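> I'd like to go over a predicted model; first the sequence, then the structure.
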Amino acid sequence: MSEKVCEVKNLTYIYPKSDKGVKDISLYVNKGSIVGLLGESGCGKSTLAKCISGQINPQSGEIICKKIGYIFQDNYASLNPAKRVGWLLKETIKYGNPEKFSEYETRIKNILEDVELDESVLEHYPSELSGGQRQRIGIAMALLSNPDILIADEPVSALDVTVQKQVIKLIKKLNERKNLAILFISHDIKVVREICNYIYILKDGELIEEGDSEKLFTNPSSEYTKNLLDSSYLE
């Protein structure tokens, strides 16, 4: 039986003075799997991710997760522009895993190898790096806490197509090499189909369908999912 590293039970969060949010969401992610959370912009994907990671507190429901690493959508906004990359990684270790701080030089060297970056990036400010390099630094920071699951919130949406493919390849490689669970959040159907082995479909804050990737793409049960897939093939 597969080990669950994250489970959400009947989670609800509605924004104040609004009907927007997520309603009665239940899902789980097994160790070593890449699970997709797919839906149109504004459907509640990022809200759910923020609830799971503790950035906002749900009004009801239960979250049972092991250690979480978070990859932000906006890699530039998530990195302190006034600090060099070396400082950012060092502080991440100090904050997230202080007992290992004495080994920070080795850990930084290893994590840069994991995300396929040269050590020369350590001397640069985020503004001096490309979008793809910044996203790799964001992934490195998420990995430094030795998470059991990575929550990747639209991690390639701000990148051009060539760089998207490189980052997706890297995420798949990390999943395979580290047996790392990933909750991959995206509105991009083609990206989700390429990387995920199980998918949840979210619409207006509610889960309407779930299933193995190929089965869901070849034989969706809900009309909404069928229309969503059809629209992607027309692009």
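Looks like it arrived, so ask away.

> where in this structure is pLDDT low?
Residue ranges of the chain with pLDDT under 70: 1, 96-102, 232-235.

> what residue is smack in the middle of it?
Relative to the mean C-alpha position of the chain, the nearest C-alpha, by C-alpha atoms, centre = their mean, is the one of Ala152, at 0.8 Å.

> tell me how far that one lies from Leu174.
Distance, Ala152 to Leu174, using C-beta to C-beta, to the nearest Å: 10 Å. For the C-beta atoms, the positions are set from N, CA and C on the backbone; glycine is no exception.

> name the SS class of the nearest residue to Ser186 once chain neighbours are set aside, please.
Nearest residue to Ser186, sequence neighbours excluded (C-beta to C-beta, 6 or more residues apart in numbering): Val192, at 5.2 Å. State at Val192, reduced to three classes by DSSP: H, G, I helix; E, B strand; the rest coil: helix.

> ok, Val192 - contacts?
With contact set as C-beta atoms under 8 Å, 6 or more residues apart in numbering, Val192 has these partners: Gly36, Leu38, Phe184, Ser186, Ile199, Ser213.

> go with 7 Å
Contact partners of Val192, counting by C-beta atoms under 7 Å, 6 or more residues apart in numbering, are Gly36, Leu38, Phe184, Ser186, Ile199.

> repeat for Ser18
So Ser18 contacts nothing (C-beta under 7 Å, 6+ apart).

> how about the strands of the chain, start to end?
Applying DSSP state E to the chain gives strands spanning 4-14, 21-30, 34-38, 60-65, 68-71, 149-153, 181-186, 198-203, 206-212.

> for Gln73, which non-adjacent residue is spatially closest?
Once flanking residues are discounted, Gln73 sits nearest to Glu154: 4.0 Å by C-beta to C-beta, 6+ apart.

> ok, the one you found touching Asp188?
No: under the criterion of C-beta atoms under 7 Å, Glu154 makes no contact with Asp188, lying 8.3 Å away.

> which of those two has more residues huddled nearby?
Glu154 (20 against 16; other C-beta atoms under 10 Å).

> roughly how far apart are the more buried one and Glu91?
For Glu154, the distance to Glu91 - C-beta to C-beta - is 25 Å.

> ditto for Leu143
Using C-beta to C-beta, Leu143 is found at 15 Å from Glu91.

> these two: which is more packed in?
Using other C-beta under 10 Å, the more surrounded residue of Leu143 and Glu91 is Leu143, with 21 against 15.

> Ile199 and Gly39 touch, don't they?
No: applying C-beta under 7 Å as the test, Ile199 and Gly39 come out as separate, 10.2 Å apart.

> what does the biggest helix by length in the chain contact?
For the chain, the helix with the greatest residue count under DSSP state H is helix 161-178. When contacts are defined by C-beta under 7 Å, 6+ apart, helix 161-178 is touched by residues 34, 114-116, 131-132, 135-136, 152, 155-156, 159, 180, 182, 191, 194-195.

> if we can go back for a sec, so how many other residues sit close to the closest residue to the residue nearest to the centre of the chain other than its chain neighbours?
In space, and not counting its chain neighbours, Ala152 is closest to Ile71: 4.4 Å by C-beta to C-beta, 6+ apart. Neighbour count for Ile71, taken as other C-beta under 10 Å: 26.
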